[in-house]
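Please find the sequence and the predicted model below.
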Amino acid sequence: MSLLDWTVLLGTLIFIVAYGTWKTRGSRNLEGYLKGDNDANWWGIGIGIMATQASAITFLSTPGQAYTDGMRFVQFYFGLPVAMIILSVTFIPIFYRLKVYTAYEFLESRFDLKTRTLASLLFLVQRGLAAGITIYAPAIILSTLLGWNLTATNVLIGSLVIIYTVSGGTRAVTQTQKQQMAVMMGGMLLAGGMVVSMLPADISLNDAFHVAGKTGRLNVVNFEFNLSDRYNFWSGITAALFLFMSYFGTDQSQVQRYITGRSVTESRLGLMMNGLLKVPMQFVILLIGVMVFVFYQFHQPPVFFNRVQTEHLRQSAHGGQLEALEADYTANFTEKEKELREMVIAQRAGDEATVRQHADHANALLEDGERIRDEVKALALLHDPKAETNDKDYIFMGFVIDHLPVGMIGLLFAVMFSAAMSSTSSELNALSSTTTVDLYQRIINKDGDDAHYLRSSRWFTFLWGVLAIVFATTASLFENLIQAVNLLGSLFYGTILGIFLVAFYVKRVQGHAVFIAALLAEACVLAIHYLNAKEIAPEWLTMGYLWYNVVGCGLVVGFGVVLQQFIGMRR
């Protein structure tokens, strides 16, 4: 990167960290540190909720997801507005009435201490692991693109977050997320405008949409019901609805964003802001990925977007085979570009038969191009069995480095670092709150004063930050980063949500029954995932991971009702 890019990147990060630390210095009590003295307004809450969810994984993986798979990932968010309405009506009033620091305090008043502790531990395991992925996911991409050491990149991201989160707690998270969200969305919108402006002079925006549509990248909605399909209308409106209810209603990293509001109304408005804006935001990010795809139909892309792996392969004994495959890929690209240009001309003339003919040829060439890419990936594995061959997450930032002007590159890297910091700070803040309030204060040390618990919260924030960095340095890359985070959440969120739904709506089920039901349900979810991961699940158990949320939640409710009946009969 150029000196200007480094100035933009480092200047942005230093300003955010310094501003957040200075603005929120000197929290004097536990309530101010964990709840920000309940002075957040609705738009600040809404920005915090969106920034917490919109990690660097969103901005790295989502454009690559659209590039390879089209727009259908947006269906994942169709259940979000409904979830926001349900939470606004049910969860928020109870949290405010009880004046809780964490979501899990409610469970003790409804059930007992062991159920509260179980839900807290499930959250700490899930979110503790996720915090490591939140750091590791952008670090492995950014370190590869910038040529940095991976461990050093993990430590840099984690350390920047620890500085202001330990210093200012919840208020520091809220303040910095406003700047981070402005950088994130401003940078992405500028990148989207740039990619459109860089299309060939004879390809208009309308032509670009026709190319995207004919090549299957505008597949926004699919109404076919298929349990094994991760992204369709039905999984988005049902399975993802359960995920969002659990994430926003029972995950402390999100609950802590809206229990800091000045009133129930402010918190509700913040949630509804997220429900109204999140789907358009994801749509825009996916659309940017689709435009990058169209751009690369007229500007030859690399045969493999992970340039480090490509260079390793080029310098190996398989370098000659790589060059031959690159030559085949170039010939494939040239022929495909010709077909697409002929298709665009026919589209303008209104000749649908010719359009279909050229579109069919172009799609066949796209498949051939993917076959060549698969051969390169197989070659990389032949050279190094541990090589990472999934390059989806490198597509967008590879485009940024190769094609965007000086200054914009630094800004887009600042977007990724800002996104990593925004979500990680929320996670560390929530992990500290849960550890302090639900475990340390409630079970380990019940007799400390407010100053003692304030110091403890700062230390727990620091320790969780260090653990997240340690996990990030030992993690391994998943198939796709954004799917990895959603999978990890789906393994635990259904069980946690089931506990809360029983607490709210199934009044006759008590603590012993729901505790055992939660353990059984979590065991079942983990077993189902194991069978699906090993591809040995019977057909009726074969499902996409989003459905784990429905299964886990349903099993907790079902087991709870049955166990309570059994316990009642014994009594």
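Here it is on my side, so go on. Numbering: from 1, shown residues only.

pretty sure V279 is in contact with G79, am I right?
No. Between V279 and G79 there is no contact, the gap being 10.0 Å when judged by C-beta atoms under 8 Å. Quick note: C-beta positions are derived from backbone N, CA and C, even for glycine.

Those two: who's more crowded?
Ranked by neighbour count (other C-beta atoms under 10 Å), V279 and G79 place G79 first, with 23 against 18.

Leaving out chain neighbours, which residue sits closest to the more buried one?
The shortest distance from G79 to any non-neighbouring residue, by C-beta to C-beta, 6 or more residues apart in numbering, is to L241 (3.2 Å).

which element follows the helix or strand where that neighbour lies toward the C-terminus?
When elements are assigned from DSSP states H and E, L241 belongs to helix 240-250. Tracing the chain C-terminally past helix 240-250 and defining elements by DSSP H and E, one meets helix 252-258 next.

helices and strands around that following helix, which ones?
With contacts defined as 3 or more C-beta pairs under 8 Å, 6 or more residues apart in numbering; DSSP states H and E, the packing partners of helix 252-258 are helix 42-53, helix 113-146, helix 240-250, helix 264-295, helix 408-434.

The fourth one - contacts with which helices or strands?
Just to be clear, that refers to helix 264-295. Secondary-structure packing of helix 264-295 (3+ C-beta pairs under 8 Å, 6+ apart): helix 42-53, helix 56-69, helix 80-89, helix 91-98, helix 150-197, helix 205-214, helix 252-258, helix 395-403.

so which of those comes closest to W547?
helix 80-89 (16.0 Å; C-beta to C-beta).

which outside residues touch the closest one?
Contacts made with helix 80-89 from outside it, assessed by C-beta atoms under 8 Å, 6 or more residues apart in numbering, are listed as 237, 240-241, 244-245, 248-249, 267-268, 271-272, 274-276, 278-279.

So what's the model's average confidence on it?
Looking at helix 80-89 alone, the average pLDDT works out to 92.

Next, format the helices and strands packed on helix 252-258 as CSV and append mean pLDDT and distance to V376.
Conversion of the helices and strands packed on helix 252-258 to CSV gives the following (pLDDT from 0 to 100; distance: least, C-beta to C-beta, whole Å):
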stretch, mean pLDDT, distance to V376
helix 42-53, 86, 34
helix 113-146, 85, 17
helix 240-250, 86, 34
helix 264-295, 92, 19
helix 408-434, 87, 26
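
Now those in JSON lines, please, with extra columns for distance to G158.
Conversion of the helices and strands packed on helix 252-258 to JSON lines gives the following (distance: least, C-beta to C-beta, whole Å):
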{"stretch": "helix 42-53", "distance to G158": "17"}
{"stretch": "helix 113-146", "distance to G158": "5"}
{"stretch": "helix 240-250", "distance to G158": "23"}
{"stretch": "helix 264-295", "distance to G158": "25"}
{"stretch": "helix 408-434", "distance to G158": "7"}
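
Looking at those, which is nearest to H512?
When those are compared for distance to H512 using C-beta to C-beta, the nearest one is helix 113-146, at 8.6 Å.

how about the closest one: buried residues?
Taking 16 or more other C-beta atoms under 10 Å as the neighbour-count basis, helix 113-146 is seen to contain the buried residues 115-120, 122-124, 126-145.

before we move on, what about stretch 524-544?
Neighbour counts over stretch 524-544 (16+ other C-beta under 10 Å) mark 524-525, 528-529, 532, 537, 543-544 as buried.

If anything else comes up later, I'll come back, but that's it for now.
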